[in-house]
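> Please work out how this folds:
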Amino acid sequence: MQIVLISDTHSQNEILHALTEKYKKADAFIHCGDLEDDPRLYPQWLIVKGNNDYGKFRDHLRLRAGTHRIYVTHSHHCSYLYREKNLERLAKEYDCDIVFYGHTHVSRITKTNDMLLVNPGSARLPRDGKSPSYALVNIDGDQVDVKIIHQEEWDF
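Got it, this is the predicted structure:
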């Protein structure tokens, strides 16, 4: 299973169309919030509500991918200092072992206590000194491979 993961596009959403075109065979397209647009304009994308989103958005998603269960949130309701601990707790409450989240504008892959946390960063305004990014997640049985793809690697 291949998942294209993005977050924090803040109304600069042309990239969503470019990614949908580039990864035509992807199994899922997930946006972790702060779309700042009407989600109905992006029917191929599963989108959660960010702190800058208004209208009809899901607050979070729970998905199954092979043997894994994925919890998707923007993470703006989690404390700054303990964000990953809070995300891990929420995922466990929903019986999930993978978390996709946004809000921080910092790309990050963290493995803790049998839990994988993935933040694709921001496709528009990164805050980690790196270029804009998205993530590509490949799940094959129990194996999960995540790659953060920065703007200098984009070929679209």
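
> Helices along this structure, start to end?
Using DSSP state H, the helices of the chain run over 14-22, 83-93.

> Quick one: closest of those helices to residue 149.
Ranking these by proximity to residue 149 (Cβ to Cβ) places helix 14-22 first, at 9.7 Å. For the C-beta atoms, the positions are set from N, CA and C on the backbone; glycine is no exception.

> Quick one: distance of that closest one to the chain centre.
15 Å (Cα atoms, centre = their mean, to the nearest Å).

> going forward can the numbers begin at 586, since that is how I track them
All set: I'll call the first residue 586, so the last point we hit is now helix 599-607.

> contact partners of that helix?
589, 591, 594, 614, 616, 627, 629-630, 708, 719, 740-741 (Cβ atoms under 8 Å, 6 or more residues apart in numbering).

> change it to 10 Å
Helix 599-607 has contacts (Cβ atoms under 10 Å, 6 or more residues apart in numbering) with 589-591, 594, 611, 614, 616, 620, 622, 626-630, 632, 708-709, 717, 719, 721, 734, 736, 739-741.

> I'd like to know which of those residues are buried.
Buried subset of the contacts of helix 599-607 (neighbour count, 16 or more other Cβ atoms under 10 Å): 589-591, 594, 611, 614, 616, 620, 622, 627, 630, 632, 708-709, 717, 719, 721, 734, 739.
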